[in-house]
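>>> sequence plus predicted model, see below.
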Amino acid sequence: MAIFYTDVGLNQKQNLNFPGYPGSQTLTSQPGSQNNALLEGPNRIVGTYTWAGTEAVGDIINIGILPAGVVVNAPGVSVQSGTAAPAATLTVAIGDNDLALLSAQPIPNSMVPVDTQVAPNQAPAWVSGTVYAKGNVVYDSASTPANQVFTCILATTSAQTTAPSSDSTYWIANQKRYSTSISIAAASGNVVATGGTQFYGGPLSLLPYSTVPGQAALGATANQIANSQYQIQQDAWAQAVILTISTPVAGTVSVFRVPFEAAN
């Protein structure tokens, strides 16, 4: 599995565009502009991806960073293509990697004051027979690609022994929760997300409830849990995962649009 980046993701991945004082030193020699407002907190990611021609099934495109505390407007996600077709056949799913393994998450914002920093967290590994509450997040080593994150959408019992990647009744793949398979192979295409979900029902707050099996927010009523929007728990990548592809064309472009808004 390879990981690729849109133009926005490329500038964000190396810690270049975090809010801070003007003229602060960039942290890498990668191309980018420190304190570029367009990359620091828009409510819509518009990431242009230039196809390398080497992409394969299971590869991931990091579109841009979703800040902690937001929800993605799943019905508004879309992908546009340039005047040249990016591939003969090409389908992707769109989601995020919220609470994925630390090695896959965006670099923490070093410009945040030390007294307000939160240590990066990751979802625990799924354990067969464990009781999980709606909104709990786990990673599954048996998924494809491996170690993808899944959110519980129906409380489990100790009788559930099927891994999340093979159990759509109790789990939804974060990687595919804004859109299931969509074909974006056509030239000049404009494809709107389909089959995604604006997930409701969860821990009501950010950490720690999402990473503690079986736990929801203390004092939350069943109605509150059932009607709460799932929000991004900590900075995460909005991602496209390649499901099928043949004859990718180097130099062609696709534009990913991912709108999001404050959860409260």
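Now that the structure is in, tell me what you want to look at.

>>> which residues in the stretch 1-150 of the chain form helices?
7-12, 37-40 (DSSP state H, counting those that start in this stretch).

>>> can you tell me which of the ones you listed has the worst average pLDDT?
In terms of mean pLDDT, the lowest-scoring of the helices of the stretch 1-150 of the chain is helix 37-40 (a mean of 47).

>>> pLDDT weak spots in the stretch 51-200 of the chain?
108-120, 200 (pLDDT under 70).

>>> residue ranges for the strands of it, please.
Taking DSSP state E, counting those that start in this stretch as the criterion, the stretch 51-200 of the chain contains strands spanning 60-66, 70-72, 78-81, 89-96, 137-140, 148-152, 171-173, 179-183, 190-192.

>>> can I get the ones you listed in TSV including distance to residue 237 and mean neighbour count?
(Each C-beta comes from the backbone N, C-alpha and C, glycine too.) Formatted as TSV, these follow (distance: least, CB to CB, whole Å; neighbours: other CB atoms under 10 Å):
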stretch	distance to residue 237	mean neighbour count
strand 60-66	4	25
strand 70-72	12	21
strand 78-81	16	20
strand 89-96	6	23
strand 137-140	14	24
strand 148-152	11	26
strand 171-173	14	22
strand 179-183	15	19
strand 190-192	20	15
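
>>> between the ones you listed, which one is closest to residue 257.
strand 78-81 (4.9 Å; CB to CB).

>>> and the closest one, which strands flank it?
Listed by DSSP bridges, the sheet partners of strand 78-81 and their directions read strand 190-192 (antiparallel), strand 253-262 (antiparallel).

>>> how far does the shortest one sit from the chain's center?
Remark: strand 190-192 is offset 19 Å from the chain centroid, using CA atoms, centre = their mean, to the nearest Å.

>>> ok, residue 244 - contacts?
Contacts here follow CB atoms under 8 Å, 6 or more residues apart in numbering; on that basis residue 244 touches 57, 89-91, 181.

>>> may I see the buried residues of the helix or strand hosting it?
Here residue 244 sits within strand 236-246, counting by DSSP states H and E. Across strand 236-246, burial judged by 16 or more other CB atoms under 10 Å covers 236-243, 245.
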